[in-house]
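*Asks:* predicted structure and sequence below. I'll ask about it afterward.
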Amino acid sequence: MPLPERRLPLPAVHPRPGLPARVRIWEVGPRDGLQNEPSIVPAPVKAQLVTRLAGAGLTTVETTSFVNPAWVPQLADAEEVFSLLAPLRAGHGPRDAQHPDLRLPALVPNLAGLDRARSCGVRDVCVFASATETFARKNLNRSRAEALEMSAPVVAEAKADGMGVRAYVSMCFGDPWEGAVREEDVVSVCDRLLEMGADELSLGDTIGVATSGQVVDLLGALARAGIPAARLAVHFHDTYGQALANTLTALSCGITTVDSSAGGIGGCPFAESATGNLATEDLCWALAGLGVETGVDLGRLAATSAWMATRLGRPSPSRVVQALTGGGRTAQASGGAG
């Protein structure tokens, strides 16, 4: 007689007032995670990762970047990845039955990147900007104002084509060269991006130095400037172990969209002090315990990240993946994707 399958542990549910009933997770692992890997992950593995993440119930999976391969060689195969994802994009792959509308955004740094994305049938694109002058120059070799102006025609063309547009704002909480970032600088950049036509702004703690009080103050400054929480997402790195605490604080301030990376992979290749993203599994475990819906099958997600860890040749940094899959080295968790 076969042994019974191990039951997947889940946290006890203890809701707290002031939190949203549901959180939308913007999964960034295939793009923001893999762009920072020292080795290049083959396109078929990337496509399988995206497909597995969709099968775990994630409805927004940022897939790749149409960036100059000289900048980010790890994502030079963007066209091939989207080609391999054709069955999933056509609705024939695994999706969460309650949320059939899968979005596969891609980052586009300029008009050339937008043209490449458009030729692949991409319908949601992301642009990026910096809240600080130094990072804009190091990342794009342009001033902060020049970098914003470079994004303006990209946003305009994308919106004219009916695309959804998200804008990432880097260094919102601290900069390794400039130190503390002024709230008014973040507000100014956010205002400009919304004026261009961006639908949503993702506030990045690029080097992971934010703390909860700073999150409250920045979101308050944005609200006073007329930028509502409904137009914002948060993107915290876990350099100092504060990503989850900062995220929960942001949710208590009205944020309902959170960026995270399956297995906690990733960082920022242009900021040496930036380490991994908030792990999607760690986020889902915390939200499940608070009674906040995500639509994610945690077992399948953890198994996917454990599977990806074997492809990357190291254990997953996610504590939840480690707990659910015996160290994050195998994909044998109950409920895991095959």
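*Replies:* Nice, I can see it.
*Asks:* now S261: phi and psi?
*Replies:* phi -130, psi 130 (degrees, to the nearest 10).
*Asks:* that one bridge partners, please.
*Replies:* Taking DSSP bridges as the rule, S261 bridges to A279.
*Asks:* that one and G276 touch, don't they?
*Replies:* Yes. With contact defined as Cβ atoms under 8 Å, S261 reaches G276; the gap is 7.1 Å. All C-beta atoms are positioned from the backbone trio N, CA, C, and that covers glycine.
*Asks:* and the two? which has more neighbours close in?
*Replies:* S261 (31 against 21; other Cβ atoms under 10 Å).
*Asks:* where does the stretch 1-150 of the chain dip in pLDDT?
*Replies:* Across the stretch 1-150 of the chain, the ranges flagged by pLDDT under 70 are 1-7, 92-100.
*Asks:* quick one, helices of it?
*Replies:* For the stretch 1-150 of the chain, the helices defined by DSSP state H, counting those that start in this stretch cover 43-55, 78-84, 86-89, 111-119, 133-140, 144-160.
*Asks:* TSV for these, including mean neighbour count and distance to D32?
*Replies:* Formatted as TSV, these follow (neighbours: other Cβ atoms under 10 Å; distance: least, Cβ to Cβ, whole Å):
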stretch	mean neighbour count	distance to D32
helix 43-55	22	13
helix 78-84	20	14
helix 86-89	16	20
helix 111-119	17	16
helix 133-140	19	14
helix 144-160	17	18
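*Asks:* closest one to S318 among those helices?
*Replies:* Among the helices of the stretch 1-150 of the chain, the nearest to S318 by Cβ to Cβ is helix 43-55 (13.7 Å).
*Asks:* doesn't A167 lie inside a strand?
*Replies:* Yes. Checked against DSSP: H, G, I helix; E, B strand; the rest coil, A167 lies within a strand.
*Asks:* list the contacts of it.
*Replies:* 126-129, 151, 155, 193, 196, 198, 200-202 (Cβ atoms under 8 Å, 6 or more residues apart in numbering).
*Asks:* cool, and P105?
*Replies:* If you count contacts by Cβ under 8 Å, 6+ apart, P105 has them with 60-63, 122, 124-126, 164, 166.
*Asks:* give me that answer again for 10 Å
*Replies:* Listed by Cβ atoms under 10 Å, 6 or more residues apart in numbering, the contact set of P105 reads 26-28, 31, 60-64, 117, 122-126, 163-166.
*Asks:* which non-adjacent residue is nearest it?
*Replies:* Counting by Cβ to Cβ, 6 or more residues apart in numbering, P105 lies nearest to D124, which is 3.9 Å off, once chain neighbours are set aside.
*Asks:* go on, P109?
*Replies:* Per Cβ to Cβ, 6+ apart, closest to P109 is V67, 5.2 Å.
*Asks:* wouldn't the one you found be in contact with C126 here?
*Replies:* No. Using Cβ atoms under 10 Å, V67 is not in contact with C126; the gap is 11.0 Å.
*Asks:* hey, what's in contact with both of the two?
*Replies:* 31, 106-109.
*Asks:* redo the residues you listed as TSV? Include neighbour count and distance to P20.
*Replies:* Listed next are the shared contacts of V67 and C126 as TSV, based on neighbours: other Cβ atoms under 10 Å; distance: Cβ to Cβ, whole Å:
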residue	neighbour count	distance to P20
R31	27	25
A106	26	27
L107	25	26
V108	29	29
P109	22	32
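*Asks:* which parts of this protein are strands?
*Replies:* Counting by DSSP state E, the chain has strands at residues 24-27, 64-65, 106-107, 124-130, 164-170, 174-175, 179-180, 200-205, 232-236, 257-260.
*Asks:* nearest to T249, out of the ones you listed?
*Replies:* In terms of Cβ to Cβ, the element of those nearest to T249 is strand 232-236, at 9.1 Å.
*Asks:* now the angle from that closest one to strand 164-170?
*Replies:* If you take axes from the mean of the first three to the mean of the last three Cα atoms, to 10 degrees, strand 232-236 sits at 40 degrees to strand 164-170.
*Asks:* just to revisit the earlier point, nearest to E293, of the strands of the chain?
*Replies:* When those are compared by Cβ to Cβ, strand 24-27 sits nearest E293, at 10.0 Å.
*Asks:* so where's the stretch 201-338 of the chain uncertain?
*Replies:* Judged by pLDDT under 70, the stretch 201-338 of the chain has its weakly predicted residues at 267-275, 327-338.
*Asks:* burial of the spatially closest residue to E293 that is not a sequence neighbour, as a residue count?
*Replies:* Closest residue to E293 apart from its sequence neighbours, by Cβ to Cβ, 6+ apart: R22 at 4.2 Å. Close neighbours of R22, defined as other Cβ under 10 Å, add up to 11.
*Asks:* would you agree R22 is in contact with V258?
*Replies:* No. R22 is beyond contact range of V258, at 11.3 Å (criterion: Cβ under 10 Å).
*Asks:* shared neighbours of the two, anything?
*Replies:* Among the neighbours of R22, those also in contact with V258 (Cβ under 10 Å, 6+ apart) are 287, 294.
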